[in-house]
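Undergrad: kindly generate the corresponding structure for this input.
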Amino acid sequence: SVESMQNSVNFYKDKPIFGLDIGHNTLKVMQSEFTRDKFSVVGYGISGFPAEAIVDGVVKDYEALAKAANNLFDNHIIGKVTSHRVAMSIPAAKTYARTIVLPVLKDKEIDDAVQTEAEQYIPIPIEDLYVDYTIISRNDQGIEVLAVGAPKKIVDSYSNFAKIIGLEPVGFDTSILSAARLFQKQDQHSNIPAILIDFGSISTDITVHDKTVILTSTMSKGGDMFTDTIAKTLNINDQEAHIVKTKYGIGKSKKQNEIIEVLKPTIDQMVKEIQRMVRYYEERSGTTDKIGQIVSMGGGANMPGLSEYLTSSLRLPVRTCEPFQNLSLHKLRVPSPLERSIYVTAAGLSLIEPKELFS
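TA: Numbers count the residues shown, from 1 in each chain. Coordinates of the predicted model:
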């Protein structure tokens, strides 16, 4: 109703939401506001924490994480974070996502049907999961949904952590869906069917996006593995390898052939997975729609030579999308090019509108 929409607009003004992305060993935050038909960044920041504070996705050392969060909010925010209401991301690698086709149902019947179907497809007991879904398409033949199951022990530990540092958790999203929201709301070409690749430090999320997320997949290889492989191959330390990766990557350099040779198996595995997802999409849609673009995001997306390699392997245009391309920063300091791409998940979370959570 109009009234509830107005309430949610007022609610947004009064009580905004900010995004908190808990990564492998970093916390990233971003708060945005919607004014004059566009989103602008109010505040953002990043801070490290000991990786061992989180074990298998579950927060174990609340004290270490709280210390890192306090340090972030006290010393590392560019601009300001004015809200205590937080939307948090769950690593997609720790969740279970599945496209499910249901018969024609009334809205109130969908929930139970998704739970029943998810129980068959998800390999862990349904009572250990929070299950949610988004509708992909709906017609007189049936309903297609993307169901996502997140382990309760992970979500509950994040929720406890938020409360310990004085925050009110109002929503959880997977890293994949956060990146897709950023693409959907901020990219001028988001109407063209796309494969989104979100390069994290320890895993890579791949998504088919056509107006909404249709299919997701996670590979347990990320930017850190590229760094480790370069370090071993060139017999240099991790810090030097990180510089080689970000400065030369698989682009033209004296060591180009050597680096391509060792990174090729991993990148080719990614190419195969993307090809599988393109086939799935094109078979699903018949001959009508085709994937028209590959969009890379996240910390590993800027590796020199990667876009060109993927373009020639997949015969599709590949480009990068980063949060600060279309989000206005007003007078806030612009982060360095290498830093920008790591805010993908936090930025996607910051674009959640209260009506999405409180409708």
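Undergrad: pLDDT of the strand or helix carrying Ser137, averaged?
TA: Ser137 belongs to strand 129-139 when elements are defined using DSSP states H and E. What strand 129-139 shows for mean pLDDT is 92.
Undergrad: restricting to C-alpha, output the helix or strand just after it in PDB.
TA: Once the chain leaves strand 129-139, the next helix or strand it forms, by DSSP H and E, is strand 142-151. Once non-C-alpha atoms are left out, strand 142-151 reads as follows in PDB (Å, rounded to 0.1, in the frame of the first residue of the first chain):
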ATOM      1  CA  GLY A 142       4.300 -22.700 -12.500                       C
ATOM      2  CA  ILE A 143       6.800 -20.800 -10.400                       C
ATOM      3  CA  GLU A 144      10.600 -20.800 -10.500                       C
ATOM      4  CA  VAL A 145      12.400 -19.800  -7.300                       C
ATOM      5  CA  LEU A 146      15.900 -19.500  -6.100                       C
ATOM      6  CA  ALA A 147      16.000 -21.000  -2.700                       C
ATOM      7  CA  VAL A 148      19.000 -20.300  -0.300                       C
ATOM      8  CA  GLY A 149      19.700 -22.200   2.900                       C
ATOM      9  CA  ALA A 150      22.100 -20.600   5.400                       C
ATOM     10  CA  PRO A 151      23.400 -22.700   8.400                       C
END
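Undergrad: can you tell me how far the residue nearest the centre of the chain is from Met297?
TA: Taking CA atoms, centre = their mean, the centroid of the chain lies closest to Ser175, which sits 3.0 Å from it. Distance of Ser175 to Met297, given as CB to CB, to the nearest Å: 10 Å. Glycine gets a C-beta too; all of them are placed from N, C-alpha and C.
Undergrad: what sits in contact with each of the two?
TA: Here Ser175 and Met297 share the contacting residues Asp198, scored by CB atoms under 8 Å, 6 or more residues apart in numbering.
Undergrad: SS state for Lys252?
TA: State at Lys252, reduced to three classes by DSSP: H, G, I helix; E, B strand; the rest coil: coil.
Undergrad: list the contacts of the residue nearest to it when sequence neighbours are not counted.
TA: Once flanking residues are discounted, Lys252 sits nearest to Gly305: 7.5 Å by CB to CB, 6 or more residues apart in numbering. Going by CB under 8 Å, 6+ apart, Gly305 touches 248-252, 256, 260.
Undergrad: which among these end up buried?
TA: For the contacts of Gly305, a burial check counting by 16 or more other CB atoms under 10 Å picks out 248-251.
Undergrad: which one of those residues sits closest to Ile78?
TA: Gly249 (27.3 Å; CB to CB).
Undergrad: tell me which element the closest one falls in.
TA: Short version: Gly249 belongs to no helix or strand, going by DSSP H and E.
Undergrad: now distance to Val101 and pLDDT too, for the contacts of Gly305, in TSV please.
TA: Compiled in TSV, the contacts of Gly305 are given as follows (distance: CB to CB, whole Å; pLDDT from 0 to 100):
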residue	distance to Val101	pLDDT
Tyr248	46	91
Gly249	41	91
Ile250	40	92
Gly251	43	90
Lys252	47	89
Gln256	46	87
Ile260	41	91
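Undergrad: quick revisit: check which helices and strands the strand holding Ser137 sits against.
TA: Judged by 3 or more CB pairs under 8 Å, 6 or more residues apart in numbering; DSSP states H and E, the packing partners of strand 129-139 are strand 96-102, helix 107-121, strand 142-151, helix 152-164, strand 213-219.
Undergrad: mind running it again at 10 Å?
TA: Secondary-structure packing of strand 129-139 (3 or more CB pairs under 10 Å, 6 or more residues apart in numbering; DSSP states H and E): strand 96-102, helix 107-121, strand 142-151, helix 152-164, strand 168-174, strand 213-219.
Undergrad: could you measure from Lys255 over to Ile22?
TA: 35 Å.
Undergrad: tell me which of those two has more neighbours.
TA: Higher neighbour count among Lys255 and Ile22: Ile22, with 27 against 13, using other CB atoms under 10 Å.
Undergrad: can you name the residues bridging to the more buried one?
TA: Note on Ile22: beta-bridge partners by DSSP bridges are Leu27.
Undergrad: what sits against it?
TA: 28, 49, 53-54, 57, 59, 65, 68-69, 88-91, 157-158, 161-162, 175, 345-346 (CB atoms under 10 Å, 6 or more residues apart in numbering).
Undergrad: so which of those belong to strands?
TA: 28, 54, 59, 88-90 (DSSP state E).
Undergrad: right, and out of the residues you listed, which lies closest to Leu167?
TA: The closest of these, once distances to Leu167 are taken by CB to CB, is Met88, at 8.9 Å.
Undergrad: is that closest one in contact with Gly171, as I believe?
TA: Yes: the pair Met88 / Gly171 is scored as a contact, 7.5 Å apart, by CB atoms under 10 Å.
Undergrad: anything in contact with each of the two?
TA: Common neighbours of Met88 and Gly171 (CB under 10 Å, 6+ apart) are 19, 349.
Undergrad: the more surrounded of those two?
TA: When neighbours are counted by other CB under 10 Å, Met88 comes out ahead of the other of Met88 and Gly171, with 23 against 17.
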